[in-house]
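Asker: I'd like to go over a predicted model; first the sequence, then the structure.
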Amino acid sequence: MALRKLLAGFRGIEAFLPLSQDGFSASDVRNWPAWAGQECPSCGGFTRHASWPGGVPVPCAACMATPPWFPARSLFVYEGHVRDGIRAAKYAGRAVPAEALAERLLEAIRGKWSDRFPDGFRPSIVPIPIRPLKYFRRGFNLPALVGAALSRLSGWPFAPRVLERYGEIRPQAGLRLTAREENVRGAFRVPAGLAAPPEALLLDDVYTSGATANAGARALKTAGARHIVVLTVARAVF
Ligand SMILES: [Zn+2]
């Protein structure tokens, strides 16, 4: 018991120690600037080039086809330190300052996104899963770590087992945007005997084409989810 406590203490301290240059630390995360530019009102897409009639935001082209969630939001631009940190965590096994990422997300949920997260809205946090083989290789799933921390901080339920990943032939990274939709279609399911939570917060690390979020949300909807909000740590700017 005492030993377990001691180890837990060490793990806590570890999150605050600086990492080597290509990793990312909790203090890095606390200093990352959140995107403050224009966003698509539906998918939250970052854009530097929107010219909206009368200054009123309209959904981006990709959102003209109704997505199975509403809305999606991301915090950081997937470039520079943010991209390096996330890639280091995913591919080089660096520590993930999950708590700091969750703190930043919750700050936005209670701040600039509060209109999308009204009081009383208690979505179950569903991290986008990775395939079991990848899990064994990496030993962790970044969205699940951040999701667990966000659940602790927000008090919202955590539902890491409600989505299962099984199809998907090739990794999404490295595929063209058009191939991603095809690759990930039908890659998720809710295991037999489980029901999807009626209100879900689908959490992923990076939003690229939206194909992963769409496929995950469709599987949740098929299993009974009614309202799905997508949250990602970062996304690319187009
Ligand atoms: Zn959009």
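Answerer: Looks like it arrived, so ask away.
Asker: so who does the residue nearest the centre of the chain touch?
Answerer: Geometric centre of the chain, nearest residue: Asp204, 2.2 Å, by Cα atoms, centre = their mean. With contacts defined as Cβ atoms under 8 Å, 6 or more residues apart in numbering, Asp204 is in contact with 127-128, 143, 212-213, 216, 230-233. To be clear about C-beta, it is placed using only N, CA and C from the backbone, and glycine gets the same treatment.
Asker: Can you name the two of these that sit furthest apart?
Answerer: Checked with Cβ to Cβ, these reach their widest spread between Gly216 and Val233, with 15.4 Å between them.
Asker: Just give me the closest of the contacts of Asp204 to Thr47.
Answerer: The shortest distance between Thr47 and any of these, using Cβ to Cβ, involves Thr232 and amounts to 15.8 Å.
Asker: quick one: secondary structure of the closest one?
Answerer: Under DSSP: H, G, I helix; E, B strand; the rest coil, the three-state class of Thr232 is strand.
Asker: Find the nearest non-adjacent residue to it, please.
Answerer: If you skip the residues right next to it in sequence, Thr232 has Tyr207 as its closest partner in space, 4.1 Å away by Cβ to Cβ, 6 or more residues apart in numbering.
Asker: What is the neighbour count of the one you found?
Answerer: Under the neighbour criterion other Cβ atoms under 10 Å, Tyr207 is assigned a count of 24.
Asker: pretty sure it is touching Pro71, no?
Answerer: No: counting by Cβ atoms under 8 Å, Tyr207 does not reach Pro71; the two are 11.7 Å apart.
Asker: Give me the common contacts of the two.
Answerer: 43-44, 230.
Asker: Just the pLDDT at the closest residue to Ile128 other than its chain neighbours, thanks.
Answerer: Counting by Cβ to Cβ, 6+ apart, Asp204 is the residue found nearest to Ile128 once chain neighbours are left out, at 4.2 Å. Here, the pLDDT recorded for Asp204 equals 97.
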